[in-house]
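J.: Output the structure for:
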Amino acid sequence: MRIVKLTKETTGKLLEDLLERSPNSYSEYEGRVNEIIEQVRRKRDEALFAYTKQFDGADICAGNILVTDAEIEDAYAKVDQSLLKVIRRSLVNIRSFHEKQRQQSWFTTEENGILLGQKITPLKTAGVYVPGGKAVYPSSVLMNIVPAKVAGVDRIIMTTPPDREGKVCPSTLVAAKEAGADEIYKVGGAQAVAAMAFGTQSIPKVDKIVGPGNIYVALAKKAVFGYVSIDSIAGPSEILVLADESANPAYAAADLLSQAEHDEMASAILITTSMELAQKVSEELSRFLETLSRREIIEKSLERYGYILVADTMDDAVAAANEIASEHLEILTKDPFETMTKIRNAGAIFVGAYSSEPLGDYFAGPNHVLPTNGTARFFSALSVDDFIKKSSIISYSKEALEPVYQDIAAFAESEQLTAHANSIRVRFESSDMAAAKEN
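T.: The predicted structure is shown next:
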């Protein structure tokens, strides 16, 4: 893992490298993705089943695409009971955290008959995409379904690719059942996204699609945005550790590796004010790598997107961290909460030596579906807010409107929208005529 001096030039180079990982940089796949979407949109189930056979090798049809109660019961029998207990304990924390995000409708009134407010309405149907194959993450099942459930979404459907026998990973099914999915369909890839966006004979059209996936899934979500809502276009995982000389180098190294093992495209960055710490972390990385199971993936990730940046001051380090806007940001400094107050851009902030990133992935409660590729500058973690709509409520009595209607009409006419002005004035036409006769 390279150790370099933090400068504007090195930060700029790093940002260029990270942007290469964005789904927006993979335009060569867009044609294929758009073709899949169009075929599913036109041929519906026929295309859905054909692509599932082509990409997953499974014979899926209208009779077996929906996961049955018997299949879920079988999954419970296969899942280790200790894992089930952990899933349930995690669910308590995740649900409790997201329940605090609930919003209520509100209204204000005035004596003259003005009523203004905001009506909160849950989405009717939400679709959750869950990866399959090599990537089996029951934790992501919980993180995507729970906020929708807490928000009050009427119908939560989940899609996930089957194996060649047409089966779904037992832990995925158990997590979905525990979290509250209403229906689970055996289909993955861009074709699953298209099915949820436009509907087929077997899969209903949804209002919003959430959940991680490969480049085809990410580009498919990007393509259907506007027909439905989406959470975000997620890129590879990333972590930034902000540390000073007080940090434990073994902790910092272990935490960097926890994200590098996700994917060869994952990014792991340490920014520190201590060259001594930088060198010790580098040594710890080498020591840990000797025993980790995903060593080959980690090494490729660190070679391409791993950095140790040494800053002159903590203010410089914080400025760089805000510019990078990492998905996960850990703070290992003498006063981590004071440092935290200076962080403006991060998907999730882990404060202190015992707040390792996997705590957020699995157990603490905050959502681990986070903005990547610098989008933490303007996006937030998945939350209950993603599954609600806000409608403005406006009600004026005649008595409230009369003193201001001329102002409104004048404003409309200044924009040459005479029909707008007429819509207001017509309500006082008789009063205006009477006033004109008196004059």
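
J.: Arg155 and Val128 touch, don't they?
T.: No. Contact between Arg155 and Val128 fails when scored by CB atoms under 8 Å: they sit 11.3 Å apart. Heads up, the C-betas are built off the backbone N, CA and C, glycines and all.

J.: Pick out whichever of the two has more residues nearby.
T.: Val128 (26 against 16; other CB atoms under 10 Å).

J.: Identify the residues contacting whichever strand or helix holds the more buried one?
T.: Secondary structure assignment for Val128, by DSSP states H and E: strand 125-129. Strand 125-129 has contacts (CB atoms under 8 Å, 6 or more residues apart in numbering) with 141, 144-145, 148, 153-160, 181, 188, 192-193, 196, 204-213, 217, 221, 228, 387.

J.: Could I get the average pLDDT for it?
T.: Regarding strand 125-129, the rounded mean pLDDT is 98.

J.: Check the offset of that strand from the chain's centre.
T.: Here the centre of strand 125-129 is set off from its chain's centre by 13 Å, with CA atoms, centre = their mean, to the nearest Å.

J.: same thing with stretch 2-12?
T.: 29 Å.

J.: Can you list the buried residues in it?
T.: 6, 10-11 (16 or more other CB atoms under 10 Å).

J.: The strand holding Val128: partners in the sheet, and parallel or antiparallel?
T.: Looking at strand 125-129 with DSSP bridges, its partner strands are strand 155-160 (parallel), strand 208-210 (parallel).

J.: want to try a markdown table for the buried residues of stretch 2-12, with secondary structure, pLDDT and distance to Arg41 as columns?
T.: Formatted as a markdown table, these follow (DSSP: H, G, I helix; E, B strand; the rest coil; pLDDT from 0 to 100; distance: CB to CB, whole Å):
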| residue | secondary structure | pLDDT | distance to Arg41 |
| --- | --- | --- | --- |
| Leu6 | coil | 90 | 48 |
| Thr10 | helix | 87 | 46 |
| Thr11 | helix | 85 | 43 |
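
J.: thinking again about what came up before, of all the strands paired with strand 125-129, which one is nearest Tyr405?
T.: With CB to CB as the criterion, Tyr405 lies closest to strand 208-210 of these, at 39.0 Å.

J.: ok, and what's touching the very next helix or strand once past that closest one?
T.: Next along the chain after strand 208-210, taking DSSP H and E as the criterion, comes helix 215-224. Helix 215-224 has contacts (CB under 8 Å, 6+ apart) with 23-24, 26, 29-30, 32-34, 36-37, 129, 131, 188-190, 192-194, 197-198, 209, 213, 230, 233-235.

J.: Just those residues: which are in strands?
T.: Applying DSSP state E to the contacts of helix 215-224, the entries found in strands are 129, 209, 230.

J.: Neighbour count and distance to Thr68 added to the residues you listed, as a markdown table?
T.: A markdown table is the format used below for these (neighbours: other CB atoms under 10 Å; distance: CB to CB, whole Å):
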| residue | neighbour count | distance to Thr68 |
| --- | --- | --- |
| Tyr129 | 26 | 20 |
| Ile209 | 26 | 24 |
| Ile230 | 24 | 29 |
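
J.: Format the residues you listed as JSON lines; extra columns: distance to Glu284.
T.: Shown next, in JSON lines, are the ones in strands among the contacts of helix 215-224 (distance: CB to CB, whole Å):
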{"residue": "Tyr129", "distance to Glu284": "36"}
{"residue": "Ile209", "distance to Glu284": "40"}
{"residue": "Ile230", "distance to Glu284": "39"}
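
J.: Neighbours of the residue lying closest to Ser229 once chain neighbours are set aside, how many?
T.: Distance criterion CB to CB, 6 or more residues apart in numbering; nearest residue to Ser229, sequence neighbours excluded, is Lys208 at 4.1 Å. Counted with other CB under 10 Å, residues neighbouring Lys208 total 19.

J.: From Phe387, how far out is Lys208?
T.: 7 Å (CB to CB, to the nearest Å).

J.: Mutual contacts of the two, please.
T.: 123, 126.

J.: what's next to stretch 357-369, contact-wise?
T.: By CB under 8 Å, 6+ apart, stretch 357-369 touches 86, 89-90, 93-94, 96-98, 139-140, 143-144, 147, 210-212, 231-232, 234, 239, 255, 258-259, 328, 330, 348, 350, 381-383.

J.: Give me the three-state assignment for Ile308.
T.: Ile308 carries the three-state label strand when classified by DSSP: H, G, I helix; E, B strand; the rest coil.

J.: err, Leu173, not the other one
T.: helix.

J.: give me the number of residues near the residue lying closest to it once chain neighbours are set aside?
T.: Once flanking residues are discounted, Leu173 sits nearest to Ala75: 3.9 Å by CB to CB, 6+ apart. When neighbours are defined as other CB under 10 Å, Ala75 has 21 of them.

J.: What separation is there between Ala75 and Glu30?
T.: 36 Å.

J.: before we move on, what about Glu413?
T.: Distance from Glu413 to Glu30, by CB to CB: 46 Å.

J.: Those two - which one has more neighbours?
T.: Neighbour count, other CB under 10 Å: between Glu413 and Glu30, Glu30 has more, with 17 against 14.

J.: residues contacting Tyr405?
T.: With contact set as CB under 8 Å, 6+ apart, Tyr405 has these partners: 424-425, 427-428.

J.: One more pass at 7 Å, please.
T.: When contacts are counted by CB atoms under 7 Å, 6 or more residues apart in numbering, Tyr405 touches 424-425, 428.

J.: Quick one: those as a markdown table, columns for distance to Glu46 too.
T.: A markdown table is the format used below for the contacts of Tyr405 (distance: CB to CB, whole Å):
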| residue | distance to Glu46 |
| --- | --- |
| Ile424 | 53 |
| Arg425 | 56 |
| Phe428 | 59 |
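
J.: Could you dump the residues you listed into JSON lines with distance to Val404, secondary structure and neighbour count added?
T.: JSON lines is the format used below for the contacts of Tyr405 (distance: CB to CB, whole Å; DSSP: H, G, I helix; E, B strand; the rest coil; neighbours: other CB atoms under 10 Å):
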{"residue": "Ile424", "distance to Val404": "9", "secondary structure": "helix", "neighbour count": "18"}
{"residue": "Arg425", "distance to Val404": "12", "secondary structure": "helix", "neighbour count": "17"}
{"residue": "Phe428", "distance to Val404": "11", "secondary structure": "helix", "neighbour count": "17"}
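
J.: Output the residues you listed as JSON lines; include the columns distance to Thr291 and pLDDT.
T.: Below are those laid out as JSON lines (distance: CB to CB, whole Å; pLDDT from 0 to 100):
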{"residue": "Ile424", "distance to Thr291": "74", "pLDDT": "96"}
{"residue": "Arg425", "distance to Thr291": "79", "pLDDT": "95"}
{"residue": "Phe428", "distance to Thr291": "81", "pLDDT": "94"}
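
J.: Lys205: neighbouring residues, count only.
T.: With other CB under 10 Å as criterion, Lys205 counts 14.

J.: Quick one: residues contacting Pro371.
T.: So Pro371 contacts 232, 327, 347, 379-380 (CB under 7 Å, 6+ apart).

J.: Alright, calling it a day.
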